[in-house]
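K.L.:
Curious how this folds, go ahead:
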Amino acid sequence: MAFGRKKDKAPKAAKPGGGRGRQIIDAYKMTARVDKLLPLWLLLGLVVGFGVFFGITMLFLHPIIATIVGILFGILGLLFIFGQRVQKAAYTEIEGQPGAAAAALNTMKRGGWTVTPAVAVNKSQDVVHRAVGRPGIVLIGEGNSQRVDQLLEAERKRMNRFVQDVPVTTLVVGRGEGEIPLPKLIRFLQKLPKTIRGADVVEVNDRLRAVGDLMANVPIPKGPMPRNMRMPKGQNPKMR
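P.N.:
Residues are numbered from 1 along each chain as shown. I've put the predicted structure just below:
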């Protein structure tokens, strides 16, 4: 048995909730860096939330209860404004960067949407993403407007060939004329008219996955293709 050695101390357990608190602090710092009026917005949410519900509750309940209710709704108002400003700041940070539209589309967890990023890409890194939902198939392009228009048109024709009975909508993310700014992309998609049923959305996704697997499994011969060789029907390659 050794003497004179200090007993090693057990590592301290991490404080519960530290991760969430750190995330909130980081989100505040990131947002404040972009949004200089963030403290005023948060104060506005707190004051409006408190004032409205304090005034309503005072008509029916004791002032102490009205104060408690006002404080609770004031905090809710602050948190609501904070969430909105964080989201706007996040879009501002990534807007214009490659893949920004895909990052925004991946936040769509409600509404029955299925997002497939980068279904078409060219050498200049212009890209087309696909979203399938109740409005049908939506193709979202980002990059140079002229080049991405060609990508969108080629992908739209491909969708119409394989899924003929589903409407296909195309749009470009950007700040140019006729383009959809990144912060408004999700809201724009959610406001599109619903043209197909929820069950049809599942069927469309299954058909598109089957088409993707089929195209991925088509063997490509090595070397130059003989001039007299004819492709089997149904496997004619698409000219680009």
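K.L.:
Tell me how many other residues crowd the closest residue to Leu182 other than its chain neighbours.
P.N.:
Distances taken as Cβ to Cβ, 6 or more residues apart in numbering put Glu95 closest to Leu182, at 4.6 Å, once the chain neighbours are dropped. (Glycine included, C-beta is placed from N, CA and C.) Using other Cβ atoms under 10 Å, Glu95 is surrounded by 16 other residues.
K.L.:
for Phe53, same thing?
P.N.:
Phe53 has 19 nearby residues by other Cβ under 10 Å.
K.L.:
And for Val211?
P.N.:
15.
K.L.:
what about the closest residue to it other than its chain neighbours, neighbour count?
P.N.:
In this structure, Val211 finds its nearest non-sequential neighbour in Phe162, 4.9 Å apart by Cβ to Cβ, 6+ apart. Neighbouring residues of Phe162 were enumerated by other Cβ under 10 Å; the total is 15.
K.L.:
how close does Phe162 sit to Arg156?
P.N.:
11 Å (Cβ to Cβ, to the nearest Å).
K.L.:
cool, Gln190 as well?
P.N.:
Applying Cβ to Cβ to Gln190 and Arg156 gives a distance of 21 Å.
K.L.:
ok, now Asp149?
P.N.:
Taking Cβ to Cβ, one finds Asp149 at 10 Å from Arg156.
K.L.:
so who does the residue nearest to Leu182 touch?
P.N.:
Under the criterion of Cβ atoms under 8 Å, 6 or more residues apart in numbering, the neighbours of Glu95 are 181-183.
K.L.:
quick one, strands of the protein?
P.N.:
Taking DSSP state E, the strands of the chain run over residues 114-121, 127-133, 136-142, 168-173.
K.L.:
Parallel or antiparallel, which strands does the first one pair with?
P.N.:
When you say that, I think you mean strand 114-121. With DSSP bridges as the test, strand 114-121 is paired with strand 127-133 (antiparallel).
K.L.:
circling back: from the contacts of Glu95, pick the one nearest Phe53.
P.N.:
Pro183 (29.2 Å; Cβ to Cβ).
K.L.:
That closest one - how many residues pack around it?
P.N.:
15.
K.L.:
Once you drop chain neighbours, what's closest to it?
P.N.:
Closest residue to Pro183 apart from its sequence neighbours, by Cβ to Cβ, 6+ apart: Tyr91 at 4.3 Å.
K.L.:
Verify the contact between that neighbour and Ala101 for me.
P.N.:
No - in this structure Tyr91 lies outside contact range of Ala101 using Cβ atoms under 8 Å: 10.5 Å.
K.L.:
Settle it for me: which of those two has more neighbours?
P.N.:
Neighbours per residue (other Cβ under 10 Å) separate Tyr91 from Ala101, with Ala101 holding more: 28 against 20.
K.L.:
How about the contacts made by that one?
P.N.:
If you count contacts by Cβ under 8 Å, 6+ apart, Ala101 has them with 127, 129, 140, 142, 173, 182, 185.
K.L.:
do the same with Val69
P.N.:
Applying Cβ under 8 Å, 6+ apart to Val69 gives the contacts 53-54, 57, 61.
K.L.:
Which neighbours do Tyr91 and Ala101 have in common?
P.N.:
Leu182.
K.L.:
picking that back up, Gly198: which of the strands of the chain is closest?
P.N.:
The closest of those to Gly198 is strand 127-133. By Cβ to Cβ, the value is 9.2 Å.
K.L.:
What are the phi and psi values at the residue nearest to Arg197 when sequence neighbours are not counted?
P.N.:
Spatial nearest neighbour of Arg197, excluding adjacent residues (Cβ to Cβ, 6+ apart): Arg134 at 7.6 Å. Main-chain torsions, Arg134, degrees, to the nearest 10: phi -60, psi -30.
K.L.:
Would you check that Val211 makes contact with Met159?
P.N.:
No - using Cβ under 8 Å, Val211 is not in contact with Met159, being 9.3 Å away.
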